[in-house]
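[1] next come a sequence and a model predicted from it.
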Amino acid sequence: MQKIIFIGAGSMAEALIHGWIKKNVINPHALFISNRSNKERLNELVESYDVNLLEDHTHLRDADLVILAMKPKDARAAMEVIAPHLSADTAILSVLAGVSIDTIEQHLGSRPIARVMPNTSATIGMSASGIAFNNHVTDVKRALYIQMLEAIGIVIEVEEEKLHAVTALSGSGPAYLYYLVEAFEQAGAEFGLSKEIVRELMVQTIAGSAEMLKSGNLEPSLLRKKVTSPGGTTEAGIKALESMSFNEAIVNCVRSAENRSRELAREE
Ligand SMILES: NC(=O)C1=CN([C@@H]2O[C@H](COP(=O)(O)OP(=O)(O)OC[C@H]3O[C@@H](n4cnc5c(N)ncnc54)[C@H](O)[C@@H]3O)[C@@H](O)[C@H]2O)C=CC1
Ligand SMILES: O=C(O)[C@@H]1CCC=N1
(Lines give C-alpha, C1' and ligand atoms only; values in the text may rest on other atoms or scores of the structure.)
(Ligands and ions follow the chains in the order given, each with its own letter.)
Protein backbone atom coordinates (compact mmCIF):
# COMPACT_ATOMS: atom_id res chain seq x y z
CA MET A 1 0.00 0.00 0.00
CA GLN A 2 1.25 3.40 -1.01
CA LYS A 3 -0.62 5.67 1.39
CA ILE A 4 -1.80 4.89 4.92
CA ILE A 5 -3.11 7.83 6.89
CA PHE A 6 -3.40 7.94 10.68
CA ILE A 7 -6.09 10.17 12.08
CA GLY A 8 -4.78 10.37 15.64
CA ALA A 9 -1.14 10.08 16.62
CA GLY A 10 -1.16 9.09 20.28
CA SER A 11 -0.01 6.01 22.20
CA MET A 12 -1.75 3.40 20.10
CA ALA A 13 -0.93 5.02 16.77
CA GLU A 14 2.74 5.22 17.73
CA ALA A 15 2.78 1.60 18.88
CA LEU A 16 1.52 0.51 15.45
CA ILE A 17 3.87 2.84 13.57
CA HIS A 18 6.86 1.73 15.63
CA GLY A 19 6.05 -1.96 15.23
CA TRP A 20 5.35 -1.79 11.50
CA ILE A 21 8.49 0.19 10.73
CA LYS A 22 10.69 -1.88 13.05
CA LYS A 23 9.40 -5.07 11.38
CA ASN A 24 9.77 -3.54 7.90
CA VAL A 25 6.09 -4.20 7.22
CA ILE A 26 5.39 -0.73 5.89
CA ASN A 27 7.69 1.84 4.34
CA PRO A 28 7.63 4.93 6.59
CA HIS A 29 7.19 7.07 3.49
CA ALA A 30 3.80 5.41 2.95
CA LEU A 31 2.65 6.58 6.39
CA PHE A 32 0.99 9.95 6.97
CA ILE A 33 0.06 11.19 10.44
CA SER A 34 -2.31 13.78 11.78
CA ASN A 35 -3.76 14.70 15.14
CA ARG A 36 -6.07 17.35 16.52
CA SER A 37 -3.62 20.17 17.00
CA ASN A 38 -0.38 19.03 18.63
CA LYS A 39 2.17 19.97 15.98
CA GLU A 40 5.07 19.34 18.37
CA ARG A 41 3.93 15.74 18.82
CA LEU A 42 3.64 15.27 15.07
CA ASN A 43 7.11 16.69 14.48
CA GLU A 44 8.50 14.33 17.12
CA LEU A 45 6.99 11.36 15.30
CA VAL A 46 8.24 12.58 11.90
CA GLU A 47 11.68 12.96 13.44
CA SER A 48 11.60 9.53 15.11
CA TYR A 49 10.09 7.46 12.33
CA ASP A 50 10.63 9.45 9.09
CA VAL A 51 6.89 9.36 8.39
CA ASN A 52 4.96 12.15 6.63
CA LEU A 53 2.78 14.87 8.04
CA LEU A 54 -0.71 14.92 6.58
CA GLU A 55 -0.54 18.51 5.34
CA ASP A 56 -4.28 18.86 4.83
CA HIS A 57 -7.35 16.68 4.56
CA THR A 58 -7.55 16.91 0.77
CA HIS A 59 -4.63 14.44 0.77
CA LEU A 60 -7.06 11.84 2.11
CA ARG A 61 -8.47 11.58 -1.42
CA ASP A 62 -5.94 9.03 -2.67
CA ALA A 63 -5.38 7.15 0.62
CA ASP A 64 -5.34 3.35 0.41
CA LEU A 65 -6.21 3.03 4.10
CA VAL A 66 -7.26 5.50 6.78
CA ILE A 67 -6.57 4.41 10.36
CA LEU A 68 -8.80 5.95 13.05
CA ALA A 69 -6.75 6.24 16.24
CA MET A 70 -8.37 9.00 18.26
CA LYS A 71 -10.21 8.48 21.54
CA PRO A 72 -13.81 7.31 21.18
CA LYS A 73 -15.06 10.62 22.59
CA ASP A 74 -13.34 12.44 19.73
CA ALA A 75 -14.44 10.06 16.99
CA ARG A 76 -17.56 11.91 15.86
CA ALA A 77 -15.75 15.24 15.44
CA ALA A 78 -12.83 13.61 13.68
CA MET A 79 -15.04 11.67 11.26
CA GLU A 80 -17.11 14.74 10.43
CA VAL A 81 -13.91 16.52 9.36
CA ILE A 82 -12.54 13.72 7.19
CA ALA A 83 -15.78 12.44 5.65
CA PRO A 84 -15.96 14.99 2.77
CA HIS A 85 -12.40 14.15 1.70
CA LEU A 86 -12.62 10.37 1.46
CA SER A 87 -12.94 8.54 -1.84
CA ALA A 88 -15.87 6.14 -1.97
CA ASP A 89 -13.71 3.03 -1.82
CA THR A 90 -11.12 4.16 0.75
CA ALA A 91 -10.93 1.56 3.50
CA ILE A 92 -11.07 2.38 7.18
CA LEU A 93 -9.23 0.54 9.95
CA SER A 94 -10.39 1.64 13.40
CA VAL A 95 -8.59 0.84 16.65
CA LEU A 96 -11.20 2.66 18.74
CA ALA A 97 -12.61 0.92 21.76
CA GLY A 98 -16.35 0.55 21.61
CA VAL A 99 -17.08 2.53 18.45
CA SER A 100 -18.96 0.14 16.17
CA ILE A 101 -18.59 -0.43 12.44
CA ASP A 102 -22.19 0.74 12.13
CA THR A 103 -21.33 4.06 13.80
CA ILE A 104 -18.35 4.51 11.49
CA GLU A 105 -20.54 3.76 8.47
CA GLN A 106 -23.09 6.33 9.69
CA HIS A 107 -20.37 9.01 9.59
CA LEU A 108 -18.16 7.81 6.74
CA GLY A 109 -20.62 5.99 4.52
CA SER A 110 -20.73 2.44 3.29
CA ARG A 111 -17.17 1.30 2.62
CA PRO A 112 -14.66 -1.42 3.64
CA ILE A 113 -14.22 -1.13 7.42
CA ALA A 114 -12.09 -3.22 9.77
CA ARG A 115 -12.16 -2.85 13.53
CA VAL A 116 -9.00 -3.90 15.30
CA MET A 117 -8.36 -4.08 19.03
CA PRO A 118 -4.58 -4.27 19.40
CA ASN A 119 -2.51 -3.41 22.46
CA THR A 120 0.59 -1.32 23.04
CA SER A 121 2.84 -4.36 22.88
CA ALA A 122 2.55 -3.78 19.13
CA THR A 123 5.51 -1.48 19.77
CA ILE A 124 7.75 -4.53 20.09
CA GLY A 125 5.83 -6.74 17.70
CA MET A 126 4.03 -8.60 20.49
CA SER A 127 0.48 -7.30 20.22
CA ALA A 128 -2.56 -9.44 20.88
CA SER A 129 -5.19 -8.16 18.46
CA GLY A 130 -8.80 -8.96 17.82
CA ILE A 131 -10.20 -8.03 14.41
CA ALA A 132 -13.66 -7.83 12.84
CA PHE A 133 -14.66 -6.76 9.31
CA ASN A 134 -17.78 -5.52 7.60
CA ASN A 135 -18.84 -7.32 4.46
CA HIS A 136 -17.33 -4.68 2.15
CA VAL A 137 -13.81 -5.86 3.00
CA THR A 138 -12.73 -8.24 0.24
CA ASP A 139 -10.99 -11.51 1.10
CA VAL A 140 -7.78 -10.08 -0.38
CA LYS A 141 -7.94 -7.02 1.89
CA ARG A 142 -8.86 -9.14 4.93
CA ALA A 143 -5.73 -11.21 4.33
CA LEU A 144 -3.65 -8.04 3.88
CA TYR A 145 -4.86 -6.42 7.11
CA ILE A 146 -4.39 -9.65 9.05
CA GLN A 147 -0.87 -9.97 7.58
CA MET A 148 -0.07 -6.38 8.66
CA LEU A 149 -1.21 -7.14 12.20
CA GLU A 150 0.44 -10.56 12.33
CA ALA A 151 3.72 -8.78 11.65
CA ILE A 152 3.36 -7.09 15.07
CA GLY A 153 1.81 -9.89 17.10
CA ILE A 154 -1.05 -12.38 17.03
CA VAL A 155 -4.41 -11.65 15.43
CA ILE A 156 -7.69 -13.39 16.13
CA GLU A 157 -10.77 -12.71 13.99
CA VAL A 158 -13.93 -12.44 16.08
CA GLU A 159 -17.52 -11.31 15.60
CA GLU A 160 -17.65 -7.57 16.18
CA GLU A 161 -19.78 -8.06 19.31
CA LYS A 162 -16.92 -9.94 20.97
CA LEU A 163 -14.54 -6.98 20.56
CA HIS A 164 -15.94 -5.54 23.81
CA ALA A 165 -14.53 -8.57 25.66
CA VAL A 166 -11.30 -8.56 23.62
CA THR A 167 -10.80 -4.89 24.53
CA ALA A 168 -11.38 -5.66 28.21
CA LEU A 169 -8.98 -8.60 28.18
CA SER A 170 -6.05 -8.01 25.81
CA GLY A 171 -6.62 -4.40 24.81
CA SER A 172 -6.47 -3.22 28.40
CA GLY A 173 -4.56 -6.29 29.59
CA PRO A 174 -1.04 -4.83 29.51
CA ALA A 175 -2.14 -2.24 32.08
CA TYR A 176 -3.42 -4.92 34.46
CA LEU A 177 -0.07 -6.72 34.26
CA TYR A 178 1.91 -3.51 34.73
CA TYR A 179 -0.26 -2.84 37.79
CA LEU A 180 0.61 -6.34 39.07
CA VAL A 181 4.34 -5.61 38.71
CA GLU A 182 3.89 -2.31 40.57
CA ALA A 183 2.39 -4.32 43.46
CA PHE A 184 5.24 -6.87 43.39
CA GLU A 185 7.74 -4.00 43.54
CA GLN A 186 5.89 -2.52 46.51
CA ALA A 187 5.91 -5.92 48.23
CA GLY A 188 9.60 -6.50 47.47
CA ALA A 189 10.51 -3.14 48.95
CA GLU A 190 9.07 -4.26 52.31
CA PHE A 191 11.84 -6.90 52.38
CA GLY A 192 14.58 -4.53 51.32
CA LEU A 193 14.70 -5.58 47.65
CA SER A 194 15.29 -2.72 45.22
CA LYS A 195 12.73 -1.96 42.49
CA GLU A 196 15.34 -2.98 39.90
CA ILE A 197 15.91 -6.41 41.43
CA VAL A 198 12.20 -7.09 41.86
CA ARG A 199 11.58 -5.84 38.30
CA GLU A 200 14.20 -8.21 36.87
CA LEU A 201 12.95 -11.19 38.88
CA MET A 202 9.27 -10.62 38.13
CA VAL A 203 9.66 -9.78 34.43
CA GLN A 204 11.50 -13.07 34.00
CA THR A 205 8.91 -14.89 36.12
CA ILE A 206 6.06 -13.48 34.00
CA ALA A 207 7.90 -14.15 30.73
CA GLY A 208 8.75 -17.70 31.86
CA SER A 209 5.18 -18.40 32.96
CA ALA A 210 3.89 -17.05 29.63
CA GLU A 211 6.27 -19.34 27.75
CA MET A 212 5.17 -22.30 29.92
CA LEU A 213 1.56 -21.53 29.00
CA LYS A 214 2.46 -21.14 25.31
CA SER A 215 4.78 -24.12 24.98
CA GLY A 216 2.87 -26.92 26.68
CA ASN A 217 -0.81 -27.66 26.55
CA LEU A 218 -1.06 -27.66 30.32
CA GLU A 219 -3.91 -25.79 31.96
CA PRO A 220 -2.90 -22.82 34.16
CA SER A 221 -4.56 -24.56 37.12
CA LEU A 222 -2.23 -27.57 36.67
CA LEU A 223 0.82 -25.36 36.19
CA ARG A 224 -0.18 -23.54 39.38
CA LYS A 225 -0.55 -26.84 41.22
CA LYS A 226 2.97 -27.85 40.15
CA VAL A 227 4.32 -24.77 41.94
CA THR A 228 2.14 -25.12 45.04
CA SER A 229 3.90 -27.45 47.44
CA PRO A 230 1.42 -28.59 50.14
CA GLY A 231 1.91 -26.45 53.25
CA GLY A 232 4.52 -24.38 51.43
CA THR A 233 5.05 -20.72 50.61
CA THR A 234 2.92 -20.67 47.47
CA GLU A 235 -0.05 -22.17 49.29
CA ALA A 236 0.27 -19.45 51.94
CA GLY A 237 0.37 -16.79 49.25
CA ILE A 238 -2.58 -18.22 47.31
CA LYS A 239 -4.61 -18.46 50.53
CA ALA A 240 -3.94 -14.75 51.13
CA LEU A 241 -5.12 -14.00 47.56
CA GLU A 242 -8.25 -16.14 48.10
CA SER A 243 -8.97 -14.33 51.37
CA MET A 244 -8.93 -11.06 49.36
CA SER A 245 -11.25 -12.52 46.66
CA PHE A 246 -8.49 -12.28 44.03
CA ASN A 247 -10.35 -14.36 41.44
CA GLU A 248 -13.50 -12.25 41.90
CA ALA A 249 -11.41 -9.08 41.64
CA ILE A 250 -9.97 -10.12 38.27
CA VAL A 251 -13.36 -11.18 36.90
CA ASN A 252 -14.87 -7.88 38.06
CA CYS A 253 -11.95 -6.00 36.47
CA VAL A 254 -12.70 -7.52 33.08
CA ARG A 255 -16.48 -7.11 33.52
CA SER A 256 -16.01 -3.40 34.28
CA ALA A 257 -13.78 -2.85 31.26
CA GLU A 258 -16.15 -4.79 28.98
CA ASN A 259 -19.06 -2.75 30.27
CA ARG A 260 -17.14 0.48 29.69
CA SER A 261 -16.56 -0.57 26.09
CA ARG A 262 -20.33 -0.98 25.68
CA GLU A 263 -20.89 2.43 27.27
CA LEU A 264 -18.42 3.98 24.83
CA ALA A 265 -20.42 2.46 21.99
CA ARG A 266 -23.61 4.03 23.35
CA GLU A 267 -21.95 7.42 23.91
CA GLU A 268 -21.11 7.67 20.22
N1 LIG B 1 -3.62 3.02 24.45
C2 LIG B 1 -3.89 1.74 24.29
O3 LIG B 1 -3.31 0.85 24.92
C4 LIG B 1 -4.96 1.33 23.31
C5 LIG B 1 -5.79 2.28 22.74
N6 LIG B 1 -6.74 1.88 21.87
C7 LIG B 1 -7.63 2.87 21.26
O8 LIG B 1 -6.82 3.74 20.50
C9 LIG B 1 -7.42 5.03 20.46
C10 LIG B 1 -6.37 6.05 20.83
O11 LIG B 1 -5.97 5.76 22.14
P12 LIG B 1 -4.61 6.39 22.65
O13 LIG B 1 -3.60 6.33 21.55
O14 LIG B 1 -4.30 5.75 23.95
O15 LIG B 1 -5.07 7.92 22.89
P16 LIG B 1 -4.15 9.24 22.86
O17 LIG B 1 -4.89 10.24 23.65
O18 LIG B 1 -2.76 8.88 23.19
O19 LIG B 1 -4.18 9.67 21.30
C20 LIG B 1 -5.35 10.16 20.73
C21 LIG B 1 -4.94 10.91 19.47
O22 LIG B 1 -6.10 11.33 18.77
C23 LIG B 1 -5.92 12.67 18.36
N24 LIG B 1 -7.20 13.32 18.09
C25 LIG B 1 -8.18 13.66 18.94
N26 LIG B 1 -9.19 14.25 18.29
C27 LIG B 1 -8.83 14.28 16.97
C28 LIG B 1 -9.44 14.77 15.77
N29 LIG B 1 -10.65 15.37 15.81
N30 LIG B 1 -8.78 14.64 14.60
C31 LIG B 1 -7.56 14.05 14.56
N32 LIG B 1 -6.93 13.55 15.66
C33 LIG B 1 -7.57 13.68 16.85
C34 LIG B 1 -5.16 13.30 19.49
O35 LIG B 1 -4.59 14.53 19.08
C36 LIG B 1 -4.14 12.18 19.76
O37 LIG B 1 -3.09 12.27 18.84
C38 LIG B 1 -8.58 5.01 21.45
O39 LIG B 1 -9.80 4.94 20.75
C40 LIG B 1 -8.37 3.72 22.24
O41 LIG B 1 -9.60 3.14 22.61
C42 LIG B 1 -6.89 0.57 21.47
C43 LIG B 1 -6.09 -0.39 22.00
C44 LIG B 1 -5.09 -0.09 23.01
O1 LIG C 1 -8.21 2.26 27.99
C2 LIG C 1 -8.74 2.34 26.87
O3 LIG C 1 -9.88 2.74 26.66
C4 LIG C 1 -7.92 1.89 25.68
C5 LIG C 1 -8.62 0.73 24.94
C6 LIG C 1 -7.85 -0.52 25.36
C7 LIG C 1 -6.62 0.02 26.02
N8 LIG C 1 -6.68 1.32 26.14
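    That came through fine. Numbering: from 1, shown residues only. Ligands and ions are numbered 1, 2, ... in the order given.

[2] now do the contacts for whichever residue of the chain sits closest to ligand 2.
    Taking CB to the nearest ligand atom, ligand 2 has its nearest neighbour within the chain at G171, 3.4 Å off. The C-beta positions use only the backbone N, C-alpha and C, and glycine is treated the same way. Residues near G171 by CB atoms under 8 Å, 6 or more residues apart in numbering: A97, M117, P118, N119, G130.

[3] phi, psi of the second one?
    Dihedral angles phi and psi of M117 (degrees, to the nearest 10) take the values phi -120, psi 90.

[4] what does the first one give?
    When quoted as degrees, to the nearest 10, the phi and psi of A97 stand at phi -70, psi 130.

[5] likewise for the last one?
    Here the main-chain torsion angles of G130 (degrees, to the nearest 10) amount to phi -100, psi 150.

[6] what about the nearest residue to M202 once chain neighbours are set aside, which SS state?
    Excluding the flanking residues, the one nearest M202 by CB to CB, 6 or more residues apart in numbering is F184, at 4.7 Å. Put simply, F184 is helix when judged by DSSP: H, G, I helix; E, B strand; the rest coil.

[7] wait, isn't F184 in contact with V198?
    Yes: between F184 and V198 a contact is recorded at 5.7 Å, counting by CB atoms under 8 Å.

[8] tell me the residue furthest from the middle of this protein?
    G231 (40.2 Å; CA atoms, centre = their mean).

[9] quick one on the thing from earlier: between the contacts of G171, which has the most around it?
    Within the contacts of G171, M117 tops the neighbour count with 30 neighbours, counted by other CB atoms under 10 Å.

[10] ok, that one - contacts?
    M117 neighbours (CB under 8 Å, 6+ apart): V95, A97, S129, G130, I131, L163, V166, T167, S170, G171.

[11] bridging residues for it?
    In this entry, M117 is beta-bridged to G130, by DSSP bridges.

[12] distance of it from F246?
    26 Å (CB to CB, to the nearest Å).

[13] try L93
    37 Å.

[14] quick one: which of those two has more around it?
    Taking neighbours as other CB under 10 Å, L93 and F246 compare with L93 leading, 24 against 12.

[15] how about the strand or helix carrying the more buried one against ligand 2, any contact?
    For L93, the enclosing helix or strand under DSSP states H and E is strand 91-94. No: under the criterion of CB under 6 Å from any ligand atom, ligand 2 is not reached by strand 91-94; the shortest gap measures 11.8 Å.

[16] and whichever helix or strand comes after that strand, which residues are buried?
    Downstream of strand 91-94, the first helix or strand assigned by DSSP H and E is helix 101-108. By 16 or more other CB atoms under 10 Å, the buried positions in helix 101-108 come out as I101, T103, I104, H107, L108.

[17] return the closest of those with respect to T205.
    Lowest distance from T205 to the buried residues of helix 101-108 (CB to CB) belongs to I101, with 39.5 Å.

[18] let me see the contact set for the closest one.
    Applying CB under 8 Å, 6+ apart, the residues near I101 are S94, I113, R115, A132, N134, E160.

[19] domain-wise, how is this structure divided?
    4-163, 173-265 (automatic domain parsing).

[20] need the ones you listed in a markdown table with mean pLDDT, can you?
    A markdown table is the format used below for those (pLDDT from 0 to 100):
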| stretch | mean pLDDT |
| --- | --- |
| domain 4-163 | 96 |
| domain 173-265 | 96 |
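
[21] which of those domains is buried the deepest?
    domain 4-163 (a mean of 18; mean count of other CB atoms under 10 Å).

[22] does ligand 1 have contacts with that domain?
    Yes: counting by CB under 6 Å from any ligand atom, contacts between domain 4-163 and ligand 1 involve 7-13, 34-36, 38, 69-72, 74, 77-78, 95-97, 117-120.

[23] ok, the most centrally placed residue in the chain - contacts?
    With distances taken as CA atoms, centre = their mean, N119 lies nearest the centre of the chain, 2.1 Å away. By CB under 8 Å, 6+ apart, the contact list for N119 reads A15, S127, A128, S129, G153, S170, G171, S172, G173, P174.
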